[in-house]
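Participant: Prediction below, plus the sequence it came from.
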Amino acid sequence: MDKENFDEEFKKLWDENPVSNSESEKEASWEQFHSKTFAEKKKKIKPWRYYAAAAVLLFVLIGSGIFFNNKPQQENIILAENVIENTSSKIKFIVLPDDSKVELSPNSKITYGNNFALNRKIEVDGLVYFKVKKDKQHPFQVFCNETTTTVLGTSFTVNETEDEKVTVELYEGSVQMNVKGQNQKWILKPGEKFTYGNQTASVTEFSRFIDFDNQKLSEVSQYIEENYGYKVILPKENLDQKITIRINKKEDLKTIVQLISEMYNLNFEINEDLKQITFQ
């Protein structure tokens, strides 16, 4: 119903009310009501509204790109792979898009999608150590052969041998293990090792620490060089000093260096370009 017809119908209803007031009073009342109800309001347009509208339009257009894509999103994830392979003889250190850290052993490989920060799924071939950044909204999943390791934040190694046996060793935190086609789940604690091969799964303990019992400080330096790839330079007077210490085999390098510096009252400098640690 247009505005003109609406006016006529409404006025008829108004006129049908009991005659308790004069025609002039009714007319005045009607005009007052009409002017307030149907008055055309002038809208003040603020310049920032144009910018807001433009921003919304831009957002819609960008977001719509997903729907204009002819291929399903899951397929795009598979096609857009990142493959990192270590063909050298030394450990390769990698920082993933979600800031998780990876130590890629020689002859090992990892594969993950371009949207890894939101979809933290990664495939492993060989021996890989993970130090996962905590993110409860996006579980971290490692796929190796028929096994799946799911974590929220922890450090562990995943190793697939040539005979397709998979071993997961947990150093910190907690992980859940699943095997393809099996309903059983295994929850590992630090110091536990999960092994899967020939369709058989088992959980055993392993030593996640290395102990130096009254040994020379130079032996700790050698351990750092062999396992972290950094050359350690110590003052001559400290080389033969004895140390007793227990180190998590996957401890952060800087934590070890700081501990040594505090125990022997030494300063240190880490040169990332030369992969060298100098105590003085």
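Facilitator: Thanks, I have the structure now.

Participant: Need phi/psi at Ile256.
Facilitator: The phi/psi pair for Ile256 (degrees, to the nearest 10) reads phi -70, psi -40.

Participant: Nearest spatial neighbour of it, chain-adjacent residues omitted?
Facilitator: Of all residues beyond its chain neighbours, the one nearest Ile256 is Ile247 (6.2 Å), with distances taken as Cβ to Cβ, 6 or more residues apart in numbering. For glycine as for every other residue, the C-beta is placed from the backbone atoms N, C-alpha and C.

Participant: Across the sheet, point out what pairs with the one you found.
Facilitator: Ile247 has these beta-bridge partners by DSSP bridges: Ile210.

Participant: Need the mean per-residue confidence for stretch 251-260.
Facilitator: This predicted structure assigns stretch 251-260 an average pLDDT of 91.

Participant: scratch that, stretch 158-166 is what I was asking about
Facilitator: 92.

Participant: And this structure, what are its domain boundaries?
Facilitator: Domain assignment of the chain by automatic domain parsing yields the ranges 75-205, 209-279.

Participant: ranking the ones you listed by burial, who's on top?
Facilitator: Relative to the other members of the domains of the chain, domain 75-205 carries the highest mean neighbour count by mean count of other Cβ atoms under 10 Å, namely a mean of 16.

Participant: Could you check how far that one is from the centre of its chain?
Facilitator: How far domain 75-205 lies from its chain's middle: 14 Å, per Cα atoms, centre = their mean, to the nearest Å.

Participant: next one: stretch 196-211
Facilitator: Offset of stretch 196-211 from its chain centre (Cα atoms, centre = their mean): 27 Å.

Participant: could you list every residue that touches Lys254?
Facilitator: Lys254 makes contact with Ile270, according to Cβ atoms under 8 Å, 6 or more residues apart in numbering.

Participant: quick one: secondary structure of it?
Facilitator: Each residue gets one of three states, and Lys254 gets helix by DSSP: H, G, I helix; E, B strand; the rest coil.

Participant: what's the answer for Tyr223, then?
Facilitator: Criterion first, three-state DSSP; result for Tyr223: helix.

Participant: Pretty sure it sits against Ile210.
Facilitator: Yes. Shown here, Tyr223 and Ile210 form a contact pair, counting by Cβ atoms under 8 Å, at 7.0 Å.

Participant: and for these two, which residues touch both?
Facilitator: Once Cβ under 8 Å, 6+ apart is applied, the residues that Tyr223 and Ile210 both contact turn out to be Ile247.

Participant: What separation do you get for the residue nearest to Ile256 and Val142?
Facilitator: According to Cβ to Cβ, to the nearest Å, Ile247 stands 25 Å off from Val142.

Participant: what does Glu81 give?
Facilitator: Distance check for Glu81 against Val142: by Cβ to Cβ, it reads 15 Å.

Participant: quick one: Glu146 from Lys180, how far?
Facilitator: 4 Å.

Participant: Pull stretch 88-103 out as PDB, backbone CA atoms only.
Facilitator: Once non-C-alpha atoms are left out, stretch 88-103 reads as follows in PDB (Å, rounded to 0.1, in the frame of the first residue of the first chain):
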ATOM      1  CA  SER A  88      73.100 -32.700   3.900                       C
ATOM      2  CA  SER A  89      75.000 -34.600   6.600                       C
ATOM      3  CA  LYS A  90      74.100 -32.200   9.400                       C
ATOM      4  CA  ILE A  91      70.900 -31.500  11.300                       C
ATOM      5  CA  LYS A  92      68.800 -28.800   9.600                       C
ATOM      6  CA  PHE A  93      67.000 -26.300  11.900                       C
ATOM      7  CA  ILE A  94      63.600 -25.000  10.800                       C
ATOM      8  CA  VAL A  95      61.000 -22.700  12.200                       C
ATOM      9  CA  LEU A  96      57.500 -23.500  11.000                       C
ATOM     10  CA  PRO A  97      54.800 -20.800  10.200                       C
ATOM     11  CA  ASP A  98      53.300 -21.300  13.700                       C
ATOM     12  CA  ASP A  99      56.700 -20.700  15.400                       C
ATOM     13  CA  SER A 100      57.100 -24.400  16.300                       C
ATOM     14  CA  LYS A 101      60.800 -25.500  15.900                       C
ATOM     15  CA  VAL A 102      62.000 -28.500  14.000                       C
ATOM     16  CA  GLU A 103      65.300 -30.300  13.800                       C
END
